[in-house]
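Colleague: got a predicted structure here, sequence first:
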Amino acid sequence: MTDTTNPLSVQDLTVAWHRKPVIWDVQFDVAPGQLVGIIGPNGAGKSTLLKAIMDLVPKTSGRIEVFGAPWKKNRHRVGYVPQRESVDWDFPVSVLDVVTMGLYGRIGWFRPVRKKHREAAQRALERVGIGALAHRQISQLSGGQQQRTFLARALVQEADLYLMDEPFAAVDAATEQAIVEILREMRTAGKTALVIHHDLHTVADYFDSVVLLNMRVVAQGPTGIVFTKENLERTYGGRLTLLEEATEAMRRRERSL
Amino acid sequence: MKSGWSSLWPRKSRKKALLVLPLLPELFVGSVVEAAGPGSVGHLDMLARSLRVLFLQDYNTRVVILGTMLLGMAAGVVGCFTLLRRRALIGDALSHATLPGVGLAFLLAPSMGLEPKSLPVLLCGAAISGAAGVAAILFIRNLPRMKEDAALGIVLSVFFGAGVALLSIVQQLPTGHSAGLESFIYGKTASMTSSDAWLIGIAGILSAGIPLLLFRQFQLLCFDEGFAASRGYPVVALDFLLMTTVVLVTIIGLQAVGLILMVALLVIPAAAARFWTNRLDQMVVIAAMKGSIAGLTGSAISAIFPDVPSGAVIVLVCSVLFFVAMILGQESGVLIRVFRRRTLRLAMDREHLLRGIFELCEEHSTTSSPTDRKLAVTVVSLLKLRTWTQGQLTRQIRKSITEGLVWRKADGAIELTGKGRAEAERLVHHHRLWELYLITHADVAASRVDQEADAVEHVLEPELIAQLEELLKKERFGREIPASPHPLESQPRGSATETPENTPAGQPANESGVPQ
Amino acid sequence: MNILSQWDWSYDGMIVLAGVLCAIAASLPGNFLVLRRISLLGDAVSHAVLPGLAAAFLITHSRSGVAVLVGAVAAGLLTAVLTEWIRDTGKVDEGASMGVVFTTLFALGLVMIVQAADSVDLDPGCVLYGVLEATPLDTVAFGTFEIPRVVIVLGSVVVMNAVFVSLFFKELLISSFDPGLATSEGFSARVLHYLLMILVAITAVASFEAAGNILVVAMFIVPPATAVLLTTRLSHMIVLSAGLAAASAVLGHLSALTIPALFGFRSTSTAGMMTLCSGLIFLVAALFSPQTGMIVTWIRRQRLAMRILSEDMIALLFRLEERLPKQSVQIDTLAQGLLTSRLRTRISVARQKFRGYLLVSADGVCLTETGRIAAAAVVRSHRLWESYLVTEGIDAELIHRQAEKLEHFTDRSLRDRLQKQGSKSEIDPHGSPIPEETDRQTTQE
């Protein structure tokens, strides 16, 4: 059932806050060398899914395998691009410093950052087209440039699987194009990317396959087959209102515990 | 407005008398501490002094105790609002910010023809520099790259440093040595005079009165500032007023507990009251009571042992009240939460047992002839049904027997009583309704349905059941118990919290009867 | 300033040295407290180590040694752990749980110290505001040199903190900036948090005797906060905060000696004045920092406003000339047309006259040839924007106000691109002609 060469295999994943399910029984496999879009309405648990893959939120149940092993074992093969709002952009670091952080895990405890690391970071910045901004403080960047910085940080990790949380949110058209270019280059190099995406118009253009998510996986597979009007209606329409009410009742009771 | 607030403070009909209940242990603790005092020392002299204190025989003791009680009450009331505004530590910064005012007032008073040692003059100075502290916090917070915590920290340390430098100068004055300004740092209740107590009383009533008069407005400010602003409330003015009351309480607390520990009176009673109630009005009352109990007990102890710093004792009494509340609190104390969790687990176990017996019987009746119908099941078959231990199961069976839900036959088999059967039918009905809903509406694989339904069914409310029935009736089911959509498993199932590694691999996924 | 003539290097020098060492020791870990937004944990821990200290006194009857260190570290860790525990199990907000823990521990410490007072010479006042002035009295012979014990203790704390910060620089940086990433790269943010707390506790306890609680609390927070205003690199920030801390210490001792003398008093508390000086340095940075200073920002904003006013003025004159060539306009009329005060209009006119854009005569002001070219560029930007916005489907009622803002930030190349993408018409949506691009055009400011 589990193909060990699969970059990512998610089985029976359930994540719950106070037993209120955020994602429920999610199960899908990702084949190597694919750009996979995760599509779904707000609050469908898309970010939670990525975080659960990386053990950043506790799983209620389920098993996740990254290249056939638990995430902890293959941590170095996963690159993560968080949402831009997740960090303090006033923090006193330069763009190059942020990108270099992607190498810290490889550098290891105590050892200082060396010139070759900074050069690697600089190369990544040039790949995303903001090499000239390397020494800017991060608060001076535009939204698109912040996103490119995060992308460069993921690139420098030289991972095989990338998890990206809304890299296209509120960026300018040029940045969006640049990110897409890099994603395609990555695919050519045999890498895999799981991207949370909002803009339904571009899905068919950007992604090889999609996972339609609304608490549970509504549909999953090649974009051409799965990305249909009917499936989208099932994803975006008809929230499970009774389910939500019941889980809300459960949560109320849990909170008093 | 009302609905928004009540979501934070779920209104529960609770008798007013219960308000007194949380305070009983505190009263007890307080008296123990007091009683232990004289016994541990054993001097006759000490005993006599303790008795005088306890019966409020000294005029001075009465004044001090009244003053600290008022202080504790006012601080408790104001503290509730700063706590809910998530600015608990603003009291820390503002109390430190009063020190330079005290020093300056002492230095400048003679040139203005005032008596430097008089408390009103010093407190006036403290109030002015406290207000300067408020302004400084607002100024720093609005600077680029500055966060609230840094603003509080900067004001706290710099103002305090300036105060220490000023006091060091004051001590060089001929009058400065005996001025007792030190007591503003650690607090010294014993030096309180009746005019001081009057001052504390007036300021205390004022600072507790402002939030009580503007209760609704402050409530809204603490709960949802943005919403308050959109409804046209003067948010900035209210915020400033709240900070002013903090300064007011702080300056009257200076003499009793000292500026370092003043923050304790603002934070601890309010935080402790939070464990007893979820409603702001009750919380304010409880916090005020706790604050005054701490003032009473603390000042009594320090009257008995003059060496012990009064501020420290008052704070320690507060802390005892806090930890008592944290353990025993009836709303969110540690014990009550353990108890509630246990109750829920017991209820779940009971439901599981009844449903287990019912389903086993049902299965049996479908597989064998009606004449051979069996109503009792063996413990062994029940044990196989889910992941409960022998001990859990026997305990639950024993409990259900005393409740009259099941009875044990002579051969050891368990059978439902009439009452138990009715209850079991109700439970199974809910369970199956829910399972069907999940299958038809949530695309959940039938093999996993049972576990999901397990988690939710215990909290299903009547209205929800009605809605479910309505929804599913349209499709095909009436009021009778629907048939189970999955075969009963004879192996123990993994519970929802178990990771799949622990569950037996390859669960039978019989899809028969599943509408797809 | 005759008081400084009594300056004695072996006395005052040692006081300053102790103050500087204490300030540097505290400011190093303080940077990370400020960046992680837990500045007040420094305050809390340095109050809460008191019972650890008192327990060590009561057990060993000594004011120095390993026991004190162990007591302080234990109390410091206890604060961090208890704060977390109350926050999580009690569902109290972090600030409140911190308030509960540190005041309780501090009160406990005060009571314990009163008990210890019989056996050890210890004064709670000394713990709070310290007696830096007593530094030179307690010395250790070091060959021929007499070095104050405090200097040795604080010196080693500085070395320890410096080593820690440089050794764990990378780890502290990543766990402060992005704890999620830190954890996913294998650096536990939690472990680093506790390590930092141990460091804070040791620094606080080592500084107590000499400098007192206030100095160390201030130096945890104020110099790093000042450095945040002044620099945008963490490494610079750390070095700068240490420098600022040292400067506050030196200035503090000098002003403790001199300032009270101005009013006829003897010197005042050195630790208090050092704290005050760090606050004053913060204020100076807040006002004058080149990037974020309030005054600098104010001047920058005024200059921009003035530039916009000047551009609006020549554009207004240009439009008036379109209707009636070669006319002069009174300053009052200009002020009314620009909706601004006469004073600001006069300043702007003087500025433009100096730059050769305007001619001022008795009749009023009119544009020079250079002024007309510059004005044409502004008007062209405005009308191009209007055309562009209309083609983009923006409501015609709104375009004027949009264009009014955008025109000031539009250079030649942007205008060319606008023309290409816009309607390519010679006339703007309101019917006015779009001026031609002049090649001799002087660039805008």
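Modeller: Cool, the structure landed. Since we're looking at a predicted model, the values are computed, not measured.
Colleague: any idea how far residue B:271 is from chain C?
Modeller: Here residue B:271 is placed at a distance of 5 Å from chain C (Cβ to the nearest Cβ, to the nearest Å). In short, each C-beta sits where N, CA and C put it, glycine included.
Colleague: hmm, I was thinking of residue A:125
Modeller: 17 Å.
Colleague: in the chain, where is pLDDT below threshold?
Modeller: Assuming you mean chain A. Applying pLDDT under 70 to chain A flags the ranges A:1-4, A:16-21, A:237-257.
Colleague: meant chain C, my bad for not saying
Modeller: When the per-residue scores of chain C are filtered using pLDDT under 70, the ranges that remain are C:1-5, C:63-64, C:117-131, C:422-425, C:438-445.
Colleague: ranges for the helices of the stretch 201-350 of chain B?
Modeller: Along the stretch 201-350 of chain B, the stretches classed as helices by DSSP state H, counting those that start in this stretch are B:215-223, B:225-230, B:235-257, B:259-274, B:280-304, B:310-328, B:334-367.
Colleague: can you redo the ones you listed as TSV with mean pLDDT?
Modeller: Written out in TSV, the entries for those read as follows (pLDDT from 0 to 100):
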stretch	mean pLDDT
helix B:215-223	85
helix B:225-230	79
helix B:235-257	85
helix B:259-274	90
helix B:280-304	89
helix B:310-328	90
helix B:334-367	79
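Colleague: the strands in the stretch 101-250 of chain A, which residues?
Modeller: Counting by DSSP state E, counting those that start in this stretch, the stretch 101-250 of chain A forms strands over residues A:161-164, A:192-197, A:209-214, A:216-222, given from the N-terminal end onward.
Colleague: helices or strands up against the first one?
Modeller: Pointing back at strand A:161-164 there. strand A:78-81, helix A:143-156, strand A:192-197 (3 or more Cβ pairs under 8 Å, 6 or more residues apart in numbering or on different chains; DSSP states H and E).
Colleague: what sits up against the second one?
Modeller: Outside of helix A:143-156, the residues that reach it under the criterion Cβ atoms under 8 Å, 6 or more residues apart in numbering or on different chains are A:79-82, A:84, A:89, A:95, A:98-103, A:120-121, A:124-125, A:127-130, A:133, A:138, A:141, A:162, A:164, A:167, A:170-172, A:174-175, A:178-179, A:182.
Colleague: of all the helices of the stretch 201-350 of chain B, which lies closest to residue B:104?
Modeller: Nearest of those to residue B:104, taken as Cβ to Cβ: helix B:235-257 at 13.9 Å.
Colleague: could you see whether chain C lies near that closest one?
Modeller: No. Counting by Cβ under 8 Å from any Cβ of the partner chain, chain C is not contacted by helix B:235-257; separation bottoms out at 9.0 Å.
Colleague: kindly format the C-alpha coordinates of that helix as CSV.
Modeller: Listed next in CSV are the C-alpha coordinates belonging to helix B:235-257 (Å, rounded to 0.1, in the frame of the first residue of the first chain):
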residue,chain,number,x,y,z
VAL,B,235,-11.8,53.8,24.0
VAL,B,236,-8.7,55.9,24.6
ALA,B,237,-10.4,57.9,27.4
LEU,B,238,-11.6,54.7,29.0
ASP,B,239,-8.2,53.1,28.7
PHE,B,240,-6.7,56.2,30.3
LEU,B,241,-9.3,56.1,33.1
LEU,B,242,-8.5,52.5,33.8
MET,B,243,-4.8,53.3,34.0
THR,B,244,-5.6,56.2,36.3
THR,B,245,-7.4,53.9,38.7
VAL,B,246,-4.4,51.6,38.7
VAL,B,247,-2.2,54.6,39.7
LEU,B,248,-4.7,55.5,42.4
VAL,B,249,-4.7,52.1,43.9
THR,B,250,-1.0,51.9,43.6
ILE,B,251,-0.3,55.0,45.5
ILE,B,252,-2.5,54.0,48.4
GLY,B,253,-0.8,50.6,48.4
LEU,B,254,2.6,52.1,48.6
GLN,B,255,2.5,52.5,52.3
ALA,B,256,0.9,49.2,53.1
VAL,B,257,2.7,46.7,50.8
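Colleague: now check the longest helix along chain C, is it near chain A?
Modeller: Longest helix in chain C, counting residues (DSSP state H): helix C:189-230. Yes. Using Cβ under 8 Å from any Cβ, we find that helix C:189-230 touches chain A at residue C:228.
Colleague: those helices in chain A, which residues are they?
Modeller: When secondary structure is read from DSSP H, chain A shows helices at A:46-53, A:95-100, A:104-107, A:115-127, A:143-156, A:173-188, A:200-206, A:223-226, A:229-236, A:241-255.
Colleague: ditto for the stretch 1-150 of chain B
Modeller: For the stretch 1-150 of chain B, helices defined by DSSP H, counting those that start in this stretch occupy the ranges B:2-8, B:23-41, B:44-54, B:59-84, B:90-97, B:99-108, B:119-141, B:148-170.
Colleague: do the same with the stretch 151-300 of chain C
Modeller: Going by DSSP H, counting those that start in this stretch, the stretch 151-300 of chain C shows helices at C:169-177, C:179-184, C:189-230, C:234-262, C:270-288, C:294-323.
Colleague: deepest of these, which one?
Modeller: Mean neighbour count, computed with mean count of other Cβ atoms under 10 Å in any protein chain shown, is highest for helix C:189-230 among these, reaching a mean of 26.
Colleague: go ahead and measure how far that one is from the middle of the chain.
Modeller: Relative to the chain's own centre, helix C:189-230 is displaced by 17 Å; criterion: Cα atoms, centre = their mean, to the nearest Å.
Colleague: isn't residue C:338 right up against residue C:311?
Modeller: No. Using Cβ atoms under 8 Å, residue C:338 and residue C:311 do not qualify as a contacting pair, with a distance of 10.6 Å.
Colleague: what is the burial count for the closest residue to chain C within chain B?
Modeller: With Cβ to the nearest Cβ as the measure, the residue in chain B that lies nearest chain C is residue B:161; the distance is 2.5 Å. Around residue B:161 there are 31 other residues, counting by other Cβ atoms under 10 Å in any protein chain shown.
Colleague: OK, contacts around the residue nearest to it when sequence neighbours are not counted?
Modeller: Setting aside the residues directly before and after it, residue B:161 is nearest to residue C:275 in space (Cβ to Cβ, 6 or more residues apart in numbering or on different chains), at 2.5 Å. Taking Cβ under 8 Å, 6+ apart as the criterion, residue C:275 is in contact with B:157-158, B:160-162, B:164-165, C:214-215, C:218, C:222, C:248, C:252.
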